[in-house]
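In: Could you look at this predicted model? Sequence included:
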Amino acid sequence: MDIRPQHVQLATALPKRLLDFFRKYPPPALTQGLSAAETHASAPPAASLDTPALASSTSSADPNAPTIETPSAALAERPYRNPFQPTKNFATGKWNSPVFGLRRQADIVKLAQKHGVVDLLPYTIKLPGEREKRRIERGLRVKGTGVGERVKGKAWERTLKGRLEERRNAMLAMPQMIEDWKQRGHGRGWKKWPK
């Protein structure tokens, strides 16, 4: 892994919140792309990082004494867990919530975008352009706007077409109704006469 001066300057310019995030969850491109040999060769001193990780295997001389590995080797061996996504515990079959909720995800993405390191973040739906991409993939998710679908609407909206048609027919029949009304005595005995 090549550490250049501009990378060091970028790391010193980042706010503490982003540095803490990247320390706890290093970018997946960096941890997954390294082989075990590269990881051991480029491992920084253990004092500069958090506490060293314990290895799962023990030495053959003393079975109770655990061996200590460098943190970067431990990171390279374990699978990457996206802190923005829920994970399933296959032993119990239950789902664990994401480490960061949607509001905190949005805050971290905004901060990373401000400092130009948004490409180093793991996948989240709060990444820029993700909402538009999902809108294109899924379409406008409003019931009744698809092909062959109808919006239910209110009762007056559903019956409006029929009522307007009734009014139109009544207006077309109005001259005949006025003529009948005049012949039958201007309203006197109107109900007696058959329609």
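Out: Arrived safely. Numbering: from 1, shown residues only.
In: separation between Gly148 and Arg158?
Out: Spatial separation of Gly148 from Arg158 under the definition Cβ to Cβ, to the nearest Å is 17 Å. To be clear about C-beta, it is placed using only N, CA and C from the backbone, and glycine gets the same treatment.
In: For the two, indicate the residue with more neighbours.
Out: Using other Cβ atoms under 10 Å as the criterion, Gly148 and Arg158 rank with Arg158 on top: 12 against 4.
In: what's the helix or strand hosting the more buried one packed up against?
Out: Applying DSSP states H and E as the criterion places Arg158 in helix 155-172. Counting by 3 or more Cβ pairs under 8 Å, 6 or more residues apart in numbering; DSSP states H and E, no packing neighbours are recorded for helix 155-172 among the helices and strands.
In: what pLDDT, on average, does it get?
Out: Regarding helix 155-172, the rounded mean pLDDT is 96.
In: now the angle from the following helix or strand past that helix to helix 155-172?
Out: Under the assignment DSSP H and E, the closest C-terminal helix or strand after helix 155-172 is helix 174-183. An angle of 60 degrees separates the directions of helix 174-183 and helix 155-172 when computed by axes from the mean of the first three to the mean of the last three Cα atoms, to 10 degrees.
In: Going forward, the N-terminal residue is numbered 57.
Out: Got it, the first residue is 57 from now on, which makes the last one we talked about helix 230-239.
In: can you give me the helices in this protein?
Out: Assignment of helices within the chain using DSSP state H yields the ranges 61-69, 72-80, 84-88, 92-97, 127-133, 158-171, 186-194, 211-228, 230-239.
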